[in-house]
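In: generate coordinates for the sequence data below:
(4 chains, ligands or ions: 6)
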Amino acid sequence: MGRAGEHAGVAVGRVSVEAWIREYARLIAEAAPRLTELDSAVGDADHGANLSRGMAAVVAALDSSSFDDDGALLKKVGMTLVSTVGGASGPLYGTFFLRVSSALGDGFPAAFRAGVDGVAARGKSAVGEKTMLDTLVPAADALEAGKDWPAVVDAASAGRNSTVPLVARKGRASYLGERSAGHLDPGAESSFLLVRAAASALGAND
Amino acid sequence: MGRAGEHAGVAVGRVSVEAWIREYARLIAEAAPRLTELDSAVGDADHGANLSRGMAAVVAALDSSSFDDDGALLKKVGMTLVSTVGGASGPLYGTFFLRVSSALGDGFPAAFRAGVDGVAARGKSAVGEKTMLDTLVPAADALEAGKDWPAVVDAASAGRNSTVPLVARKGRASYLGERSAGHLDPGAESSFLLVRAAASALGAND
Amino acid sequence: MKKLINAPADVVVESLAGLAAAHPSLAVDLEQRVVHRADGPVAGKVGLISGGGSGHEPLHGGFVGLGMLDAAAAGEVFTSPVPDQILAATKYADGGAGVLHIVKNYTGDVMNFEMAAELADGVQIATVVTNDDVAVEDSLYTAGRRGVGVTVLVEKIAGAAAEAGRSLAEVAAVAQRVNDRGRSMGLALTSGTVPAAGKPTFDLPEDQIELGVGIHGEPGRQRVPLPSAREAAAMLVEPVLAEISPEQGVLAFVNGLGATPLIEQYLVYGEVAALLERHGVPIVRSLVGPYITSLDMAGVSVTLLAVDEEMLQLWDAPVNTPGLRWGV
Amino acid sequence: MKKLINAPADVVVESLAGLAAAHPSLAVDLEQRVVHRADGPVAGKVGLISGGGSGHEPLHGGFVGLGMLDAAAAGEVFTSPVPDQILAATKYADGGAGVLHIVKNYTGDVMNFEMAAELADGVQIATVVTNDDVAVEDSLYTAGRRGVGVTVLVEKIAGAAAEAGRSLAEVAAVAQRVNDRGRSMGLALTSGTVPAAGKPTFDLPEDQIELGVGIHGEPGRQRVPLPSAREAAAMLVEPVLAEISPEQGVLAFVNGLGATPLIEQYLVYGEVAALLERHGVPIVRSLVGPYITSLDMAGVSVTLLAVDEEMLQLWDAPVNTPGLRWGV
Ligand SMILES: Nc1ncnc2c1ncn2[C@@H]1O[C@H](COP(=O)(O)OP(=O)(O)O)[C@@H](O)[C@H]1O
Ligand SMILES: Nc1ncnc2c1ncn2[C@@H]1O[C@H](COP(=O)(O)OP(=O)(O)O)[C@@H](O)[C@H]1O
Ligand SMILES: [Mg+2]
Ligand SMILES: [Mg+2]
Ligand SMILES: [Mg+2]
Ligand SMILES: [Mg+2]
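Out: Numbers count the residues shown, from 1 in each chain, chains lettered A, B, ... in the order given. Ligands and ions are numbered 1, 2, ... in the order given. Model (predicted):
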């Protein structure tokens, strides 16, 4: 974009895209122990460590570079996550930002949707499998439906919470079979933070 | 001996030598956890396991063999302990009974003394080093002094208790240096049971 | 958490530095955290690489050397390495005859290796994904069986095939066959502790085990009362045996998960051997020890590989790595 | 207590049965609990035996084979074997050129080996008592320093000397020299659990270590706060270095005590190597791994051997045992 994109519901501008990423980094750093805790229950106890390592690298990259436009900035975010996170969430969040970066010209809701589709393609996954998609897809739906940020956050939150009773079909949690039910998916939680960060950074432009 | 030996203070006879060994085995089986517990504090947590394994083998040998005389019986006890206990206490208690066996003809107090001297020789050790000798030597002294069994047991008990404040100079406990002080030596405790068993089995002849 | 480390964030790189210092036959790219043969790439030889989260040592870095891997990428503890690392490993291994990627079947590993392969232009790449853990149902509705113990056997046998000068397609084929004919199952007595997490991944009561546990401390499918070694062997062997066809006998691999001492591993091996004998399945090769571990988790896994003549020859071929060595 | 065993009383013999089943090159006398070379005794070769309490695996049974031990007697867990066993091992090892007894310096081991040597008429016996643990003061008023890590190095180097056809006196002399020029020190993060005892030998608070611990869970001399790996390396290396004269460099041996994962052992090795470099002491050979363990104790020990040319040649000579193998 490079300047404020206009679209029903939400608007997004240069400073605010960077603010979104920085706010996400802040929320991840704060939530890291909780994310790892969630991952202990159904995975391998590293989701918080993974994302906080990645987002710290992203912040370092933002601090030390300047970008021609939001697309370049988000591309850097995606590549940094791919290069520093590893595990499942590295390629997934990395792909998310790379796709958002490429589609920014179509407006934020469409770009967000492109990111979410990228996650689904990379992960060969869909809503209802107890993953980050359970948060991201309802958020994308709400954005495309022109909802305002509080409603988008609500949709993401409801999606996140929907993972609790689900039996996991993707990622490590799927190894648990029925025992995965009753736990919140760690990626659904970190994705909720991504949406919340967007709401506070980008929603300021509403 | 083969029949009751006569000597100031204590007397010992055929049935009672066997009774001594069986009573010792019973006391060891009962005390094994406590002996191992004591050995945990200053050693390697096996003294109870070692001796109960050995005395169980001794009882099995007594059950399945007959002996020409007390000397033969005690020789079997010593050899069985040497062959089944291992560790420090196997050669030490084994040597004790082998020496007692050889010296039985000189009467029980002298034979007991011979056993105790055997322990000191095999272990290159002396009273005051926080070992079984701290129990055995005072008991031998009391026996040779013609004390009655309760007095012998008292002497053994006092000797055993004397190990608590000592800094170990022999065996594993010596590795602890000053930290060995404040703990009862496990071998001093098992030797006390040996004297107590003698008192109840042999003292019956008094 | 009690560990002999400096800072949790430095565990992987500092351990790799120690590995490099201890083994002059290995070189370590500490920047990319890639272990590679000091004498590599071997011109004209198919390169073999693997990689995965750290915390499974000696896997994979300890299996780099003659007759096994050419390079290994070390991720953070229990976290797949990133594509850059896998790409770097691929380049260290590339002697011009193509590179085989040996990937344990975990979502993260598969995706990161995929991204690396997409980026590796100019190098011919084949990929084998190991998925031998029978504790996990192999269904379209899950991430599929995990790659565990068979990975060690794939690395050894495919490594020997590459050393023998076979083509990329041939090396990949034998690797695939080993994976297809091998199955594993594990159990944990205690959880390991990820340094960055600082406390055990899961808690197990003193009288229970986690049956079907994964090597990342992923809980298993079932908690059962602490079994005897004999019962434990049966719990592991029976489901594995049900999924292989050991016409020519098996390679039996009892693997310690980290904190279980060797005296117990051999005791379990004895039970496994006795059980296989009752089943009439001859053991033609064996491996006992901690080869694919899970930090300080106590427990064991059993891998049975239904071997054939070719696999045996490749298994017996010389290997010279920190973790496995014979014939040289 | 969580262990993969059947009954505590059967641990040793069942584990030996597993060892025998896994390694066709070994034979095990289950009655006497003696592991010996299946192809032994080797006629005309000096025989090497060792033995000690079980729970230190792979020591000693895992070091039986070409170029190392001829036989090993396994006592109960942490309990010296009895003279009968040592005598049986001596006979399995006796190829007519005499037998070297390698004895770790513990009161029980020394006495039982002494009694066995007294009984072994007709066999020429030499004895070397290893006593390398600098945590224990070597004084007339104690049982003396314990035998720990250097025992592995003595068995390897003296084993190579015997394999090379040297006489009993020569083999004993090189064994003695290795012992004299090697020193060790260990630390524990947690206690091990003796199966028959059923609970940890000692308790350590979460923030303390036992410095100078023995391999039987004998508490050390001092409890200190949990150090970093760097500090730990210094605590172990400095007192060891103070007691050796490494004119021609050292063999550096970082040993895992049982439950400490390899990733930490290599990390510690890296610190040890860095520290020795700062001291200007070259490392000419290294060994990293769990070779002399203490059941499931977490911790490490460091052994430094001030080598000479002859020791290096013997160290590099072929060895083929379950625990150490190269050159064959
Ligand atoms: N195939 C997939 N598609 C979408 N999301 C996935 C998939 N697999 C895993 N995830 C997400 O990734 C999260 C785990 O990330 P993380 O713990 O960082 O990686 P790893 O599982 O490799 O340790 C899960 O909670 C889940 O939300
Ligand atoms: N040199 C010695 N002389 C006399 N008694 C000794 C000597 N060394 C050890 N002991 C005794 O042996 C006891 C330990 O026996 P035990 O635990 O069975 O053997 P180990 O120390 O080999 O594990 C000590 O408590 C001590 O009383
Ligand atoms: Mg995870
Ligand atoms: Mg003891
Ligand atoms: Mg992970
Ligand atoms: Mg003992």
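In: all contacts plus neighbour counts: C-alpha atoms, from now on.
Out: Fine.
In: what sits closest to C:Arg230 if chain neighbours are left out?
Out: In space, and not counting its chain neighbours, C:Arg230 is closest to C:Glu271: 5.7 Å by CA to CA, 6 or more residues apart in numbering or on different chains.
In: since we're on C:Asp121, how many residues are nearby?
Out: Neighbourhood size, C:Asp121 [other CA atoms under 10 Å in any protein chain shown]: 10.
In: which residues in the stretch 101-250 of chain C form strands?
Out: Assigned by DSSP state E, counting those that start in this stretch, the strands in the stretch 101-250 of chain C fall at C:125-130, C:182-190, C:208-211, C:222-225, C:250-256.
In: the residue of chain C at minimum distance from ligand 6 and ligand 5, how far apart?
Out: Using CA to the ion, the point where chain C gets nearest to ligand 6 is C:Ile263, with a distance of 16.9 Å. To ligand 5, C:Ile263 is 31 Å away according to CA to the ion, to the nearest Å.
In: for chain A, which residues are neighbours of ligand 3?
Out: Neighbours of ligand 3 within chain A, by CA under 5 Å from the ion: A:44, A:46-47.
In: most tightly packed of the strands of the stretch 101-250 of chain C?
Out: With neighbours defined as mean count of other CA atoms under 10 Å in any protein chain shown, those peak in mean count at strand C:182-190, which reaches a mean of 28.
In: any part of that one near chain A?
Out: No: contact of strand C:182-190 with chain A (CA under 8 Å from any CA of the partner chain) is absent, the minimum separation being 12.9 Å.
In: got the angle for that strand vs strand C:250-256?
Out: 20 degrees (axes from the mean of the first three to the mean of the last three CA atoms, to 10 degrees).
In: strand C:182-190 close to chain D?
Out: Yes: applying CA under 8 Å from any CA, one finds strand C:182-190 touching chain D at C:Leu189.
In: residue of chain C nearest ligand 1, please.
Out: Of the residues in chain C, the one nearest ligand 1 is C:Gly108, at a distance of 4.4 Å by CA to the nearest ligand atom.
In: which residues in chain C form helices?
Out: Using DSSP state H, the helices of chain C run over residues C:11-22, C:83-93, C:107-119, C:150-163, C:168-181, C:229-241, C:262-278, C:309-316.
In: by contact count, what packs against the last one?
Out: Helix C:309-316 sits against helix C:150-163, with contacts defined as 3 or more CA pairs under 8 Å, 6 or more residues apart in numbering or on different chains; DSSP states H and E.
In: now for the helix it packs on, which elements pack on it?
Out: Going by 3+ CA pairs under 8 Å, 6+ apart, helix C:150-163 lies up against strand C:47-54, strand C:99-104, helix C:168-181, strand C:182-190, helix C:309-316.
In: and the average pLDDT for it is what?
Out: When pLDDT is averaged along helix C:150-163, the result is 98.
In: in the chain, where is pLDDT below threshold?
Out: Assuming you mean chain A. Scanning chain A for pLDDT under 70 picks out A:1-15, A:204-206.
In: other chain: chain C
Out: For chain C, the ranges with pLDDT under 70 are C:140, C:219.
In: domains of it?
Out: Using the TED database, the domain parsing of chain C gives C:13-181, C:182-318.
In: okay if I get those as TSV plus distance to ligand 4?
Out: Converted to TSV, the domains of chain C look like this (distance: least, CA to the ion, whole Å):
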stretch	distance to ligand 4
domain C:13-181	34
domain C:182-318	20
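In: ligand 5 contacts on chain A?
Out: Within chain A, the residues that sit near ligand 5 (CA under 5 Å from the ion) are A:Gly87.
In: any buried residues in the top helix by length along chain A, and which?
Out: The single longest helix within chain A, with elements called by DSSP H, is helix A:14-42. Of the residues in helix A:14-42, A:14, A:16-29, A:31-42 count as buried by neighbour count, 16 or more other CA atoms under 10 Å in any protein chain shown.
In: quick one, the next helix-or-strand element following that helix and helix A:14-42 angle?
Out: Moving toward the C-terminus from helix A:14-42, the first helix or strand encountered (DSSP states H and E) is helix A:47-64. Helix A:47-64 runs at 160 degrees relative to helix A:14-42, counting by the same axes, to 10 degrees.
In: contact partners of helix A:47-64?
Out: Contacts made with helix A:47-64 from outside it, assessed by CA atoms under 8 Å, 6 or more residues apart in numbering or on different chains, are listed as A:22, A:24-25, A:28-29, A:31-36, A:39, A:73, A:76-77, A:80-81, A:84-87, A:89-90, A:186-187, C:79, C:196-197.
In: kindly recompute the last result at 7 Å.
Out: With contact meaning CA atoms under 7 Å, 6 or more residues apart in numbering or on different chains, helix A:47-64 is reached by A:22, A:25, A:28-29, A:32-33, A:35-36, A:39, A:77, A:80-81, A:84-85, A:186, C:196.
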